[in-house]
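Asks: this one's structure only:
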C-alpha cells in the first residue's frame, strides 16, 4: 500500500443556495480543490462522489458522470463513481478514493461530496432522511431520524444522568466555533437559554439540537505521498481509515446509547495509524444532533462512556481545550449538506493541520480525526489525518 | 408497487409473527431468514413464532415535527419496545400523551392504521402499542 | 331437534376519545348541553385518526377470541357490518379475518344495512352454523359514522363496534330465536361518494324507528309467547338516549331492564355497533339463566329481533382474559371541537394531505 496525501481542498458556501443547482455546487467545489492543488484536468485519474439521495432530492440518478461532464471531463473519459452510505456518503467517498490511490490503481483522484437538500420541501427532506433508517420497520411506523436520535438522547439521560443543558452545550460550543468559520452557514453564537427554549422537534430534542438542512459541496484532491510535494507545500497525510457497520435498525443494536459502528471504526483507524485517542488534537465528529456528538466523543475513546455531556458542559471539548471538537462549527453550525459533510470534515482538518484556520486555529495541530455516520449509526467511517 | 411491498409483511405486522432461531433459540422480530448470531448454522432452522405483543419501553419520544403522513397525529409518541420474548421493535404508543409514558412502562399491541397511499390508495394496517394500565 | 345456536364469545371496542355535547354546540352558537340533554346524550366517542371500522373490528374480534379457546382456523365466516367501511370496494372482513388468524379456509363479506348491519351478520352466521356449513362464524358490527357539521347527527354519530363468535358448542348464551321486520322506508341514507348522510328529520321517528321496532318486538313476543317481565334485560337500537327508553317503556319494560343495554348517553350512537355494543355490556352484567330481549333497527328500513338466554358458561368465559366493556366506556379523554374536527378529517388540508 502506498501512503496517500490530500494535496488540495475546496468547498462551496453551505446554506439555502436557491440560485445554485447540484451541478453548480459540485463543479465549484471541484474547481476550487483543483486550483488549491494546482492541477489540471489532464492529471485526474478518477472522481469519487459522495451523495445521499440525488434521485429523490433532484430527480437525478447517475450523478457522478454528470458532475464529471459539467466539469469539462467528458472527453477525458475518466471513471466517475457515486458512493452512497446515507449521511456517511462523503466519508465513504474519501475512504474509497484513499484506497484507490493507496492500492496504486489511480494516482490523482478527486473526492467530492455534494447534496442539494432544498429543491424539495422540508417535509419531503425529512421523509428522505427517515429512509436512511429502516424504512419497513422504523419509518413506516412513524419514526423520523430525529425521533430515533431523540430516543438515544432520552436513554442516555436515563442511564448516565446526561442533562438537557449538557445537550444544549454542544450546540452552544459548535455555534461559537462556527462564528469563527467564514464557510459556516450559521455565524452567530447562540445562548444556552435559546437552545433550551427552542420548540421541541422530538422530545427531549428541540430545533437547536439538530443540524440544518443545507445545500453544498466539498472536494479534496488525493495523491500518492511520494509525489504530493510536487503539488503542495503542506500535503496532509491520510494516516488511516476505519469503517464499520451495525444493525440497520436502532432497536436491533446491542445498546442505543453507544454506536458500535463508531467504536469499531475508531479502533480500526487508531490501530492502523498506530496512535491513541489521546494523540488527537482535533476531531470533526458527526453532530447531526447534539446527542450524536456526545455519543461520538465517548465511542471514539476520547472520554469515558456516559461522560460526554459533562465534559462538553465543562468546556473540555471547546477550541484549544483538552481536545478541540468540531472546530468548523460541525454539521450543526457549518451546515449539513448530507453527502458533502464527510468531505467537508476533511477540509476543516486539512485547514487546521496546515495552520490556516485563523481565529479558530487549534494550536500545535498535528493529528486530526474525522468521524462520519450513516443513518442512525449503521455505518461509521473514521479517518485519521496528520502533518507530514 | 407499494401494495405488494406492504402486503408481503402483513403476517408480521398484523399478527406479530416473528422467527426463532432453531439453534440458539433467540427470537427475532421482524422475521429474519438467518440468525445474526448463528449465521450459516441457522439457515433453514428459523421457525415461525407467535409473539404476545407485550413488552416494556426502552426509550421514547414525543414527536412534534413528524412525517407528513402522521400530521394528523402530531404530537405522537414513538418508542422502542423490548418484547417479552426479547426482540426489540419500534412503534407508536397511542391513546396517551407523551407524559404518561416512562422508560420501563408496560405496553401491549393494538391494531391501527399505519398509513395510506393517499386518499385513493391502499390503507396499511399493523401494530401500535398502548400502555397496560 | 337441532342443536341450539348461540354466542360462544364476544368483545366490544370503544375508542379512547370523547367530545361533549356542550363543546359541539358552542361552535354552532347553541346551548349544546341542553341540546344533548334533549337527545339524551352527554358525550360521544371519537376515533383517532389511525382508527377506522377495520381497526375497531379487529380489536373487538380479538377481544372475543381472547376469552375463549376456539381455534381461529375453525372460524368459517367473518362478516363486518358497517355503513362506514374504509373502502367502497375491498372488503373490511378479509383484513379482520387475516388479523384474527381465521384466513384462508373461510368465507368473508362486508354488510351494510344502516344501523343494523351488525345484527344482520349475527343472523347470517346463525344460518351457516345451524346448517353445519361452518363450525363458527364471527359477526361484527362497527362504525365510525359522521354527522354533517352543525347537523343534529353531529351530537350523536360516534365510533365503536362489537364482535360475536357464533357457534353450536361451548355457548355462553343461546339464541332461542331470531326474526326480522323489513320495509322500504327512506328515512335516512347516504349516496355513494357523499361524505355525510342525510335524513328525513321527524320522518325518522314514527313511521321508521318506532314502527319497525314495535312491529318486530310484537312478532318476537308472539313467536316466543313471552311478556316483558320474562326478560332480565332489553336492548333497543339507540340513535339517541331517548328513543330506546320511550319504545321500551311503552312495551312495558322497566328502567332496570333497560339500564345496561343503553350506552348512547355516554358514547353516542355507534350505528352498526350500537345494539351489538349494548349486547356486550348486557352480557357483562348478566347471570346464568338471564333472558335478553334485543331489537335492532336499520334505516331504510328494518329491525332484527333476538331472544337470548345466558348459560352457565358465562362464568368460565370471565375467567379467561375477559375485560368488561365498562373499562373502555369509563376510561376516556375529552377533546375540544378543534381537535375533534382535525381527528375526523373535517379540516381542509393543503399540499399532499
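Replies: Cool, the structure landed. What you see is a predicted model; the values in this text were computed from it and never measured. Residues are numbered from 1 along each chain as shown, chains lettered A, B, ... in the order given.
Asks: any idea which residue of the stretch 201-350 of chain A lies closest to chain C?
Replies: Minimum separation of the stretch 201-350 of chain A from chain C (C-beta to the nearest C-beta) falls at residue A:213, amounting to 17.8 Å. Yep, even glycine has a C-beta here, placed from its N, CA and C like the rest.
Asks: look at the closest residue to that residue other than its chain neighbours and give its secondary structure.
Replies: Nearest non-adjacent residue to residue A:213, counting by C-beta to C-beta, 6 or more residues apart in numbering or on different chains: residue A:117, 4.4 Å away. Three-state call for residue A:117 (DSSP: H, G, I helix; E, B strand; the rest coil): coil.
Asks: need phi/psi at the nearest residue to residue A:33 once chain neighbours are set aside.
Replies: Spatial nearest neighbour of residue A:33, chain neighbours left out: residue A:10 (3.5 Å); criterion: C-beta to C-beta, 6+ apart. Here is the backbone geometry of residue A:10 (degrees, to the nearest 10): phi -170, psi 140.
Asks: what of the one 4 residues further on?
Replies: Listed backbone geometry of residue A:14 is phi -100, psi 140, with angles given as degrees, to the nearest 10.
Asks: ok so, going back, which SS class is the residue of the stretch 201-350 of chain A closest to chain C?
Replies: Three-state call for residue A:213 (three-state DSSP): coil.
Asks: could you verify my assumption that it touches residue A:123?
Replies: No: assessed by C-beta atoms under 8 Å, residue A:213 is found out of contact with residue A:123, at 11.1 Å.
Asks: more neighbours: which of the two?
Replies: residue A:213 (20 against 17; other C-beta atoms under 10 Å in any protein chain shown).
Asks: look up how far residue A:231 lies from that one.
Replies: 35 Å (C-beta to C-beta, to the nearest Å).
Asks: again, but for residue C:197
Replies: 78 Å.
Asks: and the two? which has more neighbours close in?
Replies: residue C:197 (21 against 18).
Asks: state the number of residues packed around residue 6.
Replies: All of this refers to chain A. 30.
Asks: think we crossed wires, I meant chain C
Replies: 25.
Asks: how about it, what does it touch?
Replies: Contacts for residue C:6 (C-beta atoms under 8 Å, 6 or more residues apart in numbering or on different chains) come out as C:166, C:167, C:168, C:171, C:172, C:173, C:174, C:175, C:308, C:311.
Asks: what's the nearest residue to the third one if we skip its chain neighbours?
Replies: Here the nearest residue to residue C:168 in space, its sequence neighbours aside, is residue C:3; by C-beta to C-beta, 6+ apart that works out to 4.6 Å.
Asks: report pLDDT for that neighbour.
Replies: Listed pLDDT for residue C:3 reads 78.
Asks: wait, isn't it in contact with residue C:170?
Replies: No: counting by C-beta under 8 Å, residue C:3 does not reach residue C:170; the two are 11.6 Å apart.
Asks: who's more crowded, the two?
Replies: Under the neighbour definition other C-beta under 10 Å, residue C:3 and residue C:170 were set side by side, and residue C:170 has more, 17 against 13.
Asks: all helices for chain B, in order.
Replies: Per DSSP state H, chain B carries helices over the ranges B:2-7, B:10-15.
Asks: off-centre distance for the last one?
Replies: Relative to the centre of its chain, helix B:10-15 is centred 9 Å away, using C-alpha atoms, centre = their mean, to the nearest Å.
Asks: still on that earlier bit, ok, the residue of the stretch 201-350 of chain A closest to chain C - contacts?
Replies: So residue A:213 contacts A:117, A:118, A:122, A:125, A:336 (C-beta under 8 Å, 6+ apart).
Asks: try residue C:134
Replies: Going by C-beta under 8 Å, 6+ apart, the list of residues near residue C:134 reads C:75, C:76, C:77, C:106, C:107, C:125, C:128.
Asks: so how far is residue C:258 from the first one?
Replies: In other words, residue C:75. Residue C:75 is 33 Å from residue C:258, by C-beta to C-beta.
Asks: more neighbours, these two?
Replies: residue C:75 (27 against 21).
Asks: isn't that one right next to residue C:138, touching?
Replies: Yes: using C-beta under 8 Å, residue C:75 makes contact with residue C:138 at a distance of 5.5 Å.
Asks: what do these two both touch?
Replies: Contacts common to residue C:75 and residue C:138, judged by C-beta under 8 Å, 6+ apart, are C:97, C:100, C:102, C:165.
Asks: tell me the SS of the third one?
Replies: Looking back up the chat, that one is residue C:102. coil.
Asks: ok, stretch A:162-173 near chain B or not?
Replies: No: using C-beta under 8 Å from any C-beta of the partner chain, stretch A:162-173 never reaches chain B; the gap is at least 12.8 Å.
Asks: quick check, distance from that stretch to the centre of its chain.
Replies: Offset of stretch A:162-173 from its chain centre (C-alpha atoms, centre = their mean): 20 Å.
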